[in-house]
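# Quick one, fold the following:
(2 chains)
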There are 2 protein chains.
Amino acid sequence: MGKKVKVIEGGVCAPQGFKAGAIACGIKNPAVERLDLALIYSDFPTVGAAVYTQNQVCAAPVRLSASYLKSAEPRAIIANSGNANACTGPEGLINARTMTAATAKALGLKQREVQVCSTGIIGVPLPIDRIEPRIPELVASLGCEGEGAARAIMTSDTRPKEIAVQVKIGDVKVRIGAIAKGAGMINPHMATMLCFVTTDVAISKAEIVAATKEAVDLSFNRITVDGDMSTNDTVIVMANGQAGNKTITRGGEGSAEFREALTEVMLELAKRIVSDGERVTKLVEVQVRGAASNLDAERVARAVANSKLVKCSWNGNDPNWGRILHAVGYSGARVKEEMVNIHLNGVIVTQNGLSANTDGEKLIAAVSGPEFTVCIDLNLGRGAFTIYTSDLSPEYVDFNRTEYSAVKKK
Amino acid sequence: MGKKVKVIEGGVCAPQGFKAGAIACGIKNPAVERLDLALIYSDFPTVGAAVYTQNQVCAAPVRLSASYLKSAEPRAIIANSGNANACTGPEGLINARTMTAATAKALGLKQREVQVCSTGIIGVPLPIDRIEPRIPELVASLGCEGEGAARAIMTSDTRPKEIAVQVKIGDVKVRIGAIAKGAGMINPHMATMLCFVTTDVAISKAEIVAATKEAVDLSFNRITVDGDMSTNDTVIVMANGQAGNKTITRGGEGSAEFREALTEVMLELAKRIVSDGERVTKLVEVQVRGAASNLDAERVARAVANSKLVKCSWNGNDPNWGRILHAVGYSGARVKEEMVNIHLNGVIVTQNGLSANTDGEKLIAAVSGPEFTVCIDLNLGRGAFTIYTSDLSPEYVDFNRTEYSAVKKK
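Model prediction:
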């Protein structure tokens, strides 16, 4: 975190005027008692912004939430895990509407003020019978504690992901809280997961939209686990103005501070999503510099971060720089092999496209920790890009072998 | 094989006037006795064609062979396994030249008439001291048996890949022989492996070049195992005219028959490469049809064939059509979710973007064999594309975890 941004307790309930709740509905499996339905609610009117998956095959709740946001501000978010309500046709859309209608009724809101999200298996009808009758109970669970909601949106995540920070806008303290979930189908450029952000900042609609887009670009759009783009990914930000700061407008006073804080919150959660990827063991920061353009740097970063063979090497603590260089070569960026330098966690391994003859044990140590950096300098220009990725483990493959059959057998 | 093309014995030595040989040089590990240096030679002048990797980081032998082919016809191919001679700088280029010079001297050819290939680990200097003095012995091993050469170019392949066919051009029988190797860094659009083809057809230079390009596009450019593009991949075709047919020219008599036979030879070896991919268990043919364009069909086929999550499902005999549809959605092709039909080995699993409610056991059976098809119909137009791919196994990841460290420790 930057020095102006202070981490505080409370998750999505840290900002004033926000409540959260969660209950267990048995969505994935009625026999298993686990939190799987979450609600976040603002006591006060808000301005809001969202980024949804760019996958053309997108889930019913994504379509519905996107259409609602066009004509209303979000006051509540209802989200379930255990079922993505994706590839479920007209029935899926009806079920998503039922979720928003029941929530709006119980909260005294308009239906359009309720955003709805689902995450879990694709192509299985949502068990709306188990969800709808429980929504009054969900609303009754609203309180000042956000961790239940963070747990209720987990699928294959091994731990809940929540954060809250405080930042000064002028002389006024403003709070931002957020929860997120990973952990499969993680690839950038579609905000590939769920993330719900609350803030009590006073801010204009135009500025919250711009700040959200910028923060997503600098965080969730720079992570990848498996290179697969989900059908359900959504980031929603709600700002209710209860901090009492002078309203931030586009490019106006406090804009830079707020954007920095929002980006830091999202980046922190983005990194936690990668390091909690399904059975992965490492969080790897791939920094590319010296590219002919920023776009070229991004191409190189994505090629390296998504290369199955490179990711296999990392899993084995193997400093295989040849595979990194081969991915650089096919990235589509302008590359001069004899100009490329590569550092593994600060230790040089490739100089001018050749082995730097660094001691092997030193290189193995550089890639053996749970987090390390790979810095690739193309030495051609000023283009730069950074992406966060993971290794690829045998356990990841094993974990993802039989999801559909396993769920269908229940 | 089509009915006009008949499989015969003899591999690269089946065509008249070709010889092959192989020896063991201990390139990867001097302590291990295994064939690792191959030679193919035509007793007569040839016309030839080649396709090399499109990776910008490409190995010294690729650079050298490509430059030779610009001004000479290939009469011989020398190839080693165990070391890719890639990312090895000026020294790598000198070593590749040494291989061609020694071969040319022993065979009485010009240096430019010798194509050179290497395959194996990247970034480790080629042990030319173990290769150069043995080249006269390699030349002495030339004979009428091609399997030794097929074995000598293997790296992680579990079996040699060779084939020979006979096809009639007019009234004359013409033969085509070929060997190939996989099995890692297999991704299309760069002829991602080694393949050496011999033929005794009489053919013009322009026609052999065009026929080779077409056959590679329809075979090796339609396979993928790991989505990683190699630094060394090369297909070389040599035609020496000894069959005595009337010389085939571009679009002239016999052109269609020869192209069909050449394509079938390459496609057969391409499929064998995929099914012998590193620790993979399935060969999957992904057919896309009904796309708005052929390019769109290709986008969908490649997205599905390279999706880590889809490939994990196949490994687990899991008919997870939701993952297939999600990859279709992010492929970049025009897609209408409610129009998409998917068949698994002929059994419908997805109709109009929704579960077809086919019996689960039937679907599991459809994806449980060592070979099956996935047919995706977008129902939008006439665009079509087919690609051959594999599953992704825990064993694949485990196999690829420590290549570099393992080799460096020797």
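
# drop to CA atoms for contacts and neighbour counts, all remaining ones
OK.

# If you average the pLDDT over stretch A:114-126, what comes out?
Throughout stretch A:114-126, pLDDT has a mean value of 90.

# Would you work out how far apart the start and end of that stretch are?
18 Å (Cα to Cα, to the nearest Å).

# and if you look at stretch A:29-46?
One end of stretch A:29-46 to the other measures 35 Å (Cα to Cα).

# List the buried residues for it?
Neighbour-count burial for stretch A:29-46 flags A:34, A:35, A:36, A:37, A:38, A:39, A:40, A:41, A:42, A:45, A:46 (criterion: 16 or more other Cα atoms under 10 Å in any protein chain shown).

# Give me the buried stretch members for stretch A:19-29, please.
Buried, per 16+ other Cα under 10 Å, within stretch A:19-29: A:19, A:20, A:21, A:22, A:23, A:24, A:25, A:26, A:27, A:28.

# before we move on, the earlier item: out of the buried residues of stretch A:29-46, who's nearest residue B:253?
residue A:36 (69.1 Å; Cα to Cα).

# which sections of chain A are below the confidence cut-off?
Low-confidence segments of chain A (pLDDT under 70): A:1-2, A:183-192, A:225-232, A:407-410.

# Domain boundaries for chain A, per the record?
A:5-275, A:283-392 (automatic domain parsing).

# from the chain's centre, how far out does the last one sit?
Going back to what we said before, that points to domain A:283-392. 24 Å (Cα atoms, centre = their mean, to the nearest Å).

# now the longest one
Taking the mean of its C-alpha atoms, domain A:5-275 sits 10 Å from the chain's own mean (Cα atoms, centre = their mean).

# For stretch A:347-356, which outside residues touch it?
With contact meaning Cα atoms under 8 Å, 6 or more residues apart in numbering or on different chains, stretch A:347-356 is reached by A:321, A:325, A:337-343, A:357-358, A:362-363, A:366, B:87-89, B:123-124.

# residues of that stretch that come out buried?
For stretch A:347-356, by 16+ other Cα under 10 Å, it's A:347, A:348, A:349, A:350, A:351, A:352, A:353, A:354, A:355.

# Would it be right to say that the third one lies in a strand?
Pointing back at residue A:349 there. Yes. Judged by DSSP: H, G, I helix; E, B strand; the rest coil, residue A:349 forms part of a strand.

# Excluding covalently adjacent residues, which one is nearest to it?
Of all residues not flanking residue A:349 in the chain, residue A:356 sits nearest, at 5.1 Å (Cα to Cα, 6 or more residues apart in numbering or on different chains).

# quick one on the thing from earlier: tabulate the buried residues of stretch A:19-29 (TSV), appending distance to residue A:214 and secondary structure.
Shown next, in TSV, are those (distance: Cα to Cα, whole Å; DSSP: H, G, I helix; E, B strand; the rest coil):
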residue	distance to residue A:214	secondary structure
A:19	26	strand
A:20	26	strand
A:21	29	strand
A:22	30	strand
A:23	33	strand
A:24	35	coil
A:25	36	coil
A:26	37	coil
A:27	34	coil
A:28	35	coil
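
# and the residues you listed as a markdown table, adding distance to residue A:258?
A markdown table is the format used below for those (distance: Cα to Cα, whole Å):
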| residue | distance to residue A:258 |
| --- | --- |
| A:19 | 22 |
| A:20 | 23 |
| A:21 | 26 |
| A:22 | 29 |
| A:23 | 32 |
| A:24 | 35 |
| A:25 | 37 |
| A:26 | 39 |
| A:27 | 37 |
| A:28 | 38 |
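
# where do the helices sit along chain A?
Using DSSP state H, the helices found in chain A span residues A:60-69, A:89-107, A:128-131, A:135-140, A:147-152, A:205-217, A:255-275, A:294-306, A:308-315, A:321-330, A:360-366, A:394-399, A:403-409.

# Mind putting these into a markdown table with distance to chain B?
Output for those, formatted as a markdown table (distance: least, Cα to the nearest Cα, whole Å):
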| stretch | distance to chain B |
| --- | --- |
| helix A:60-69 | 12 |
| helix A:89-107 | 6 |
| helix A:128-131 | 18 |
| helix A:135-140 | 27 |
| helix A:147-152 | 23 |
| helix A:205-217 | 18 |
| helix A:255-275 | 16 |
| helix A:294-306 | 9 |
| helix A:308-315 | 4 |
| helix A:321-330 | 5 |
| helix A:360-366 | 8 |
| helix A:394-399 | 4 |
| helix A:403-409 | 5 |
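
# Can I get those helices in CSV including mean neighbour count?
Listed next are the helices of chain A as CSV, based on neighbours: other Cα atoms under 10 Å in any protein chain shown:
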stretch, mean neighbour count
helix A:60-69, 21
helix A:89-107, 20
helix A:128-131, 16
helix A:135-140, 19
helix A:147-152, 25
helix A:205-217, 19
helix A:255-275, 23
helix A:294-306, 24
helix A:308-315, 26
helix A:321-330, 27
helix A:360-366, 17
helix A:394-399, 20
helix A:403-409, 14
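
# Residue A:290 and residue A:222, how far apart?
Applying Cα to Cα to residue A:290 and residue A:222 gives a distance of 18 Å.

# do the same with residue A:117
22 Å.

# for residue A:325, same thing?
Remark: distance between residue A:325 and residue A:222 (Cα to Cα) = 20 Å.

# Over to residue A:103?
Counting by Cα to Cα, the gap from residue A:103 to residue A:222 is 33 Å.

# Next: residue A:233.
14 Å.

# so residue A:313 touches residue B:401, yeah?
Yes. At 4.5 Å, residue A:313 counts as touching residue B:401 under the criterion of Cα atoms under 8 Å.

# check contacts around the residue lying farthest from the centre of chain A.
Relative to the centre of chain A, and counting by Cα atoms, centre = their mean, the farthest-placed residue is residue A:357 at 38.6 Å. By Cα under 8 Å, 6+ apart, the contact list for residue A:357 reads residue A:349.

# Residue A:287 now?
A:301, A:373, A:374, A:375, A:376, A:384, A:385, A:386, A:387.
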